[in-house]
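Q: Predicted coordinates and the sequence they were generated for:
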Amino acid sequence: MAFREARATSLGGTWNAAEGVPYRMIANDDLSAGSVERVVTANQADCRLDWFLAQQFPAFSRTHLRRVINAAAVKVNGQRTKASHRVCEGERITIELPDLPRHGPAPEDIPLTILYEDEWLAAINKPAGMVVHPAKGHWSGTLAGALQFHFDRLSSVGGPTRPGIVHRLDRDTSGVIVVAKHDRAHHALARQFEDRTVVKQYFAVVAGQPECDRDSIDLPIGAHPLQREKMAIRRGDSTSRPAQSFYEVLKRFDGFTSVRVTPKTGRTHQIRVHLASIGCPVLCDRAYGGRAVITRGELLRRRDDDTVILDRQALHAARLQLVHPVTGCDLVLEAPLAEDLRGLLAALEEYRG
């Protein structure tokens, strides 16, 4: 493996994986501001939803329209559905078309920790708080902008706002993320993620104690019925997709547990939703755990010490194992535990060990 000198940083920002595109309505000769509606005719029936929309709005690629569908901005008869849905005659389809920037993110001199690099790809240790690519309200300070500065060439498969981006991590999840430099590498890597041959391992600290030392969670995940930015365990819902995660207890503390999680699928917020579903939400997960901060006073069970121990979700992408897209060799990419999570573990050892 070839390595480069690494520089670490921590940046602020906002990213929600469920909102993969920014929502600002566009208006032109064909579209008016707000939602646009189309009714399926007889000769349009029995085609995929993403194909139907691509015929209606040729300025947008099917790949981009799939992102819009996945971000819950398309409804069929008022219900969210999948890109693979076969449209039927008479169905009313509403869509909120996003206005994405015409150009990619500007290069920004943001320090990056580069774990691995060769001529085809690179692996970055993304800090917590960094947005992966530009999104609504966050056009700067992103990983995509930093990549534009640090690398002479990046793949174009993801479009102008996602140069080199093959997969994503939530804003407040730290850890390893792989980046493609060439389209050939991007396609091969993306296929591995899609085929679920990439082995992903995460480290997490959860509130509470899992009943088993190791177990599989096999529960479908779909859009939250009330909050668009969240996901939920949904059985029999049109947005539901199968999801499986395997966890192993690393160490039990008084009221807390460190775990290793290996997701078998890659649903939005999967680990966070699954761990919350067994009564052990990721610590400091504002969306699924009900708290955003833990203090030393809470660990000591004292009210007079409000020193913050952790103020982001205790989730870290520790390891990726995949096949190099060109050489065919096995490639293991590992990111050391973030400093704030090391501090959390030290505090748990001292106060709750």
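A: All right, it came through fine.

Q: Let me know the secondary structure of the nearest residue to Ile271 once chain neighbours are set aside.
A: Leaving aside its chain neighbours, Ile271 sits nearest to Val261 (5.2 Å; criterion: CB to CB, 6 or more residues apart in numbering). (Each C-beta comes from the backbone N, C-alpha and C, glycine too.) Here Val261 is recorded as strand under DSSP: H, G, I helix; E, B strand; the rest coil.

Q: per-residue confidence for Val261?
A: Per-residue pLDDT puts Val261 at 98.

Q: Can you give me the neighbour number for it?
A: 23 (other CB atoms under 10 Å).

Q: just the one 10 residues further on next, same as before
A: The number of residues packed near Ile271 is 27, by other CB under 10 Å.

Q: where's Asp305, which helix or strand?
A: Here Asp305, judged by DSSP states H and E, is contained in no helix and no strand.

Q: Against Phe256, how distant is it?
A: Note on Asp305: its distance to Phe256, by CB to CB, to the nearest Å, is 17 Å.

Q: between the two, who's got more neighbours?
A: Phe256 (21 against 11).

Q: which helices and strands does the lowest-mean-pLDDT helix or strand in the chain pack with?
A: In the chain, the helix or strand scored least confidently by mean pLDDT, DSSP states H and E is helix 62-70, which has a mean of 83. Judged by 3 or more CB pairs under 8 Å, 6 or more residues apart in numbering; DSSP states H and E, helix 62-70 is in contact with helix 49-56.

Q: and the helix it packs on with helix 62-70, angle?
A: 120 degrees (axes from the mean of the first three to the mean of the last three CA atoms, to 10 degrees).

Q: Need the contact partners of helix 49-56.
A: 38, 40, 44, 60-62, 65-66, 68-69, 74, 76, 81-87, 93, 95 (CB atoms under 8 Å, 6 or more residues apart in numbering).

Q: domains of this structure?
A: 36-95, 114-194, 199-352 (automatic domain parsing).

Q: so what's the residue nearest to Ile271 up against?
A: Counting by CB under 8 Å, 6+ apart, Val261 has contacts 201-204, 245-248, 271, 275.

Q: let's see 10 Å
A: For Val261, the contacting residues are 200-204, 206, 217, 245-248, 270-272, 274-275, 282, 315, 318, by CB atoms under 10 Å, 6 or more residues apart in numbering.

Q: rewinding a little: what about burial for the contacts of helix 49-56, which qualify?
A: 38, 40, 44, 60, 65-66, 68-69, 74, 76, 81-83, 85, 87, 93, 95 (16 or more other CB atoms under 10 Å).

Q: Next, work out how far apart the residue nearest to Ile271 and His150 are.
A: In terms of CB to CB, Val261 sits 30 Å off from His150.

Q: Can you mark which positions in stretch 45-64 are buried?
A: For stretch 45-64, by 16+ other CB under 10 Å, it's 48-54, 57, 60, 64.

Q: Which single helix of this protein contains the most residues?
A: helix 339-352 (DSSP state H).

Q: List the buried residues in that helix.
A: Buried residues in helix 339-352 (16+ other CB under 10 Å): 340-341, 344-345, 347-348, 351.

Q: cool, and stretch 123-142?
A: Under 16+ other CB under 10 Å, the buried positions of stretch 123-142 are 123-135, 138-139, 141-142.

Q: Now, those residues that are in strands?
A: 123-126 (DSSP state E).

Q: Kindly reformat those as CSV containing distance to Leu112 and pLDDT.
A: Listed next are those as CSV, based on distance: CB to CB, whole Å; pLDDT from 0 to 100:
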residue, distance to Leu112, pLDDT
Ala123, 11, 98
Ile124, 6, 98
Asn125, 8, 98
Lys126, 9, 98
